[in-house]
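Student: from the sequence below, what's the structure:
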Amino acid sequence: MLALGDGYWGITLPASPGDRYQYLVGSLALPDPVSRLLPEGVHGPSEIVDASFSWSDDQWRGLPFSNYVLYELHVGTFTPGGTLDSACSRLDYLCDLGITAIELMPVNAVPGSRNWGYDGVGLYAVQSNYGGPAALRRFVDAAHQRGLAVLLDVVYNHLGNEGNYLSQFALYFSTRHQTPWGNAINYDGDASPHVRRFFVENSLYWLREYHLDGLRLDAVQTIQDDSPQHIVAEIAARAHDFGQAVGRTIVVTVESDENFPRYILPAPQGFGADAMWSDDFHHVIHALLTGERNGYYQDFADPALLPRALAQPYVFQGEPFGFWQGRTRGANAAGVTLPSQIICIQNHDQVGNRAYGERLTALIPVGARKFAAALLLLSPHTPLLFMGQEYDESAPWQFFTSFGDPKLQKAVSEGRLREFAEFGWSDVPDPQAPATFERSRLQWLTSAENIEMLDWYRALLRLRREFVLDSPRTAQAAWSADRLLTVEIPAVSPRLKITATFPGTSLPVFRDEHWMLKLENHQDGYQIQVQTRATL
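Tutor: Just a heads-up that it's a prediction; the model follows:
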């Protein structure tokens, strides 16, 4: 190869789609860091891909984020086929449910064929057993035909351990900062402009080549960057500029457990993302309904926190946090809107990071699940569903991998056992066992009980479209001493009211000619009513 200056090298050779190649770095034959496809796995050669595609979404301009109802799915376990093409067969179902945006868990290349996606190393390559680049284009195009937006989960805080060859090419990692995975990605040291370009261009690549509507940036609190412009801010700005240039609404969301407004405040005060995952709503609901108090749930034991989770962007806004040994968590939420907070009652982390991957179906009764779903889907915040929860999927969703490195295989299996030993769990599923992956596939249950829950979700989402989306996205909530919850949306001149009680308490008789009962449920001691009224 010829030196091109500024650290870059290049060579021009005859090639065609389908040809495979590798780079020789010393004695190592390595895949291209910007491979679009790694058909033989993360250690094998790169394949040249024809990027042309007959798109049918020329009129698609995206959706305003205020209309988002997110559905998080993992391609490998969403359908029996475990591919992007087989996932297309469920798009009409998602539309009928009331979903408006799909959030794909990472689809870039990972070691083996079974992985959540967060051990990715081929950041530009679409996982081959998901169908590769052509299948992702078909999926996005089919979603757009149905009016569904598609976001992609991307991981810019670390790379996986197996097949990570970036350090063989340049100073992609730095000892200046440490992360839970080791040396941090070099966003602010020597040669960092080139590293930043690699990741910024990756974010634009997904939006440009695959017509994606946005990105979800994983665990941004672990990204270490002391540059004048944080890498998250640069990605958000470049993504929005791209969207403006092509006439499409592009959404950038971030995951963080910090409760810091800076991620979503506009530049220069903040990083300019559109929304962030907000854990507090989940934690309050989970602690209240399951009674669990271990880990971070210890800080959500007081049910009186529930109104704050419903009426505020998040609960902790600078108060001491016991799980953090009393350090303060969060900052004042002034200027943060409720729709900018993505909330859930289940997601891949909150289910999959449990020792056995239990869903709420296995933890709380059906009446409690209907209660939680109502608060989620009628909230002024932006709701996210984890695949299968809408019909009470009973299969667990467990942590699974298929590493090829024997040392890593042993480390991940033994590490999982150590992680949960303090809780007295000794028979934790082995992440490397194929059976762990197979147990995690959706079963698409269709019993009367499953259909009943699915209908409940559909009814709630219809009410959301009619009474929440076009109203001021605010709420007023109260929790009484006799365990009566009242939520009014919006906070002023409400159009929708939720009243609910818990086992041992009865709903008071309520009569008001201005309000109409739209939905109610009484099961397992949990009582909930949803009432609406016309605009006054």
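
Student: alpha carbons only for contacts and neighbour counts from here, please
Tutor: Will do.

Student: could you pull out the helices for this protein?
Tutor: Here the chain has its helices, by DSSP state H, at 75-78, 84-88, 91-97, 132-145, 192-209, 231-246, 279-290, 306-311, 348-352, 366-378, 406-421, 434-439, 448-463.

Student: lowest-pLDDT helix or strand in the chain?
Tutor: When each helix and strand of the chain is scored by mean pLDDT, DSSP states H and E, helix 406-421 comes last, with a mean of 87.

Student: ok, back up a step: tell me which of the helices of the chain sits nearest to Y165.
Tutor: Set against Y165 and scored by CA to CA, the helices of the chain come closest in helix 192-209, at 13.8 Å.

Student: restricting to C-alpha, output the closest one in PDB.
Tutor: The C-alpha atoms that make up helix 192-209 are tabulated as PDB, following Å, rounded to 0.1, in the frame of the first residue of the first chain:
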ATOM      1  CA  SER A 192      -7.900  10.900  18.200                       C
ATOM      2  CA  PRO A 193      -9.200  13.000  15.300                       C
ATOM      3  CA  HIS A 194      -8.900   9.900  13.100                       C
ATOM      4  CA  VAL A 195     -10.600   7.700  15.700                       C
ATOM      5  CA  ARG A 196     -13.400  10.100  16.100                       C
ATOM      6  CA  ARG A 197     -13.900  10.200  12.400                       C
ATOM      7  CA  PHE A 198     -14.100   6.400  12.300                       C
ATOM      8  CA  PHE A 199     -17.000   6.400  14.800                       C
ATOM      9  CA  VAL A 200     -18.800   9.500  13.500                       C
ATOM     10  CA  GLU A 201     -18.700   8.100  10.000                       C
ATOM     11  CA  ASN A 202     -20.100   4.800  11.300                       C
ATOM     12  CA  SER A 203     -23.100   6.600  12.700                       C
ATOM     13  CA  LEU A 204     -23.700   8.400   9.400                       C
ATOM     14  CA  TYR A 205     -23.100   5.200   7.400                       C
ATOM     15  CA  TRP A 206     -26.100   3.500   9.100                       C
ATOM     16  CA  LEU A 207     -28.300   6.500   8.400                       C
ATOM     17  CA  ARG A 208     -27.100   6.900   4.800                       C
ATOM     18  CA  GLU A 209     -26.700   3.400   3.400                       C
END
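
Student: ok, residues contacting it?
Tutor: The contact list for helix 192-209, computed with CA atoms under 8 Å, 6 or more residues apart in numbering, reads 51, 123-124, 156, 171-172, 186-187, 212-215, 231, 234-235, 238-239, 242.

Student: next, the buried residues of that helix.
Tutor: Buried residues in helix 192-209, counted by 16 or more other CA atoms under 10 Å: 192, 194-196, 199-204, 206-208.

Student: next, the angle helix 231-246 makes with that helix.
Tutor: Interaxial angle, helix 192-209 versus helix 231-246 (axes from the mean of the first three to the mean of the last three CA atoms, to 10 degrees): 40 degrees.

Student: now helix 192-209: mean pLDDT?
Tutor: Averaging pLDDT along helix 192-209 gives 98.

Student: chain center to it, what's the gap?
Tutor: Offset of helix 192-209 from its chain centre (CA atoms, centre = their mean, to the nearest Å): 20 Å.

Student: with stretch 209-220 instead?
Tutor: Distance of stretch 209-220 from its chain centroid, counting by CA atoms, centre = their mean, is 10 Å.

Student: need the buried residues of helix 192-209 in TSV (columns: distance to T401).
Tutor: Output for the buried residues of helix 192-209, formatted as TSV (distance: CA to CA, whole Å):
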residue	distance to T401
S192	31
H194	31
V195	28
R196	29
F199	25
V200	28
E201	28
N202	24
S203	25
L204	28
W206	24
L207	28
R208	30
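
Student: from those residues, pick the one nearest L417.
Tutor: So of the buried residues of helix 192-209, ranked by how close each gets to L417 (CA to CA), first place is F199, at 33.9 Å.

Student: now the closest one: how far from H283?
Tutor: Applying CA to CA, to the nearest Å, the value for F199 to H283 is 32 Å.

Student: and what of D524?
Tutor: For D524, the distance to H283 - CA to CA - is 22 Å.

Student: ok, A237 touching D274?
Tutor: No: A237 is beyond contact range of D274, at 10.7 Å (criterion: CA atoms under 8 Å).

Student: more neighbours: these two, which one.
Tutor: When A237 and D274 are compared for neighbours, D274 comes out ahead with 21 against 18, by other CA atoms under 10 Å.

Student: so the more buried one is in contact with T253, correct?
Tutor: Yes: D274 is within contact range of T253, at 5.6 Å (criterion: CA under 8 Å).

Student: ok, residues contacting stretch 127-134?
Tutor: Outside stretch 127-134, the residues that touch it by CA under 8 Å, 6+ apart are 36-39, 41, 49, 53, 75-76, 82-85, 107-110, 113, 125-126.

Student: quick check: ChimeraX command selecting the buried ones in those residues.
Tutor: The buried subset of the contacts of stretch 127-134, as determined by 16+ other CA under 10 Å, is captured in ChimeraX by this line:
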select :36,37,38,39,41,49,75,76,82,83,84,85,107,108,109,110,113,125,126
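
Student: which ones among the contacts of stretch 127-134 are found in strands?
Tutor: N108, A109, A125, V126 (DSSP state E).

Student: for L94, see how far away the third one is.
Tutor: Taking CA to CA as the measure, A125 falls 27 Å from L94.

Student: got any ranges where the protein has weak pLDDT?
Tutor: Flagging of the chain using pLDDT under 70 yields the residue ranges 422-423, 510, 535-536.

Student: buried subset of the contacts of helix 192-209?
Tutor: Here, 16+ other CA under 10 Å leaves 123-124, 156, 171-172, 186-187, 212-215, 231, 234-235, 238-239, 242 buried among these.

Student: and V428, what does it touch?
Tutor: Contacts of V428 by CA under 8 Å, 6+ apart are A355, Y356, R416, L417, F420.

Student: return the member of those residues nearest to I528.
Tutor: Among those, Y356 lies closest to I528 (CA to CA), at 30.2 Å.

Student: now that closest one: how far from Q398?
Tutor: Distance from Y356 to Q398, by CA to CA: 6 Å.

Student: now swap in L385 and tell me
Tutor: 17 Å.

Student: between these two, which one's more packed in?
Tutor: For L385 versus Q398, the count of surrounding residues by other CA under 10 Å is larger for Q398: 28 against 24.
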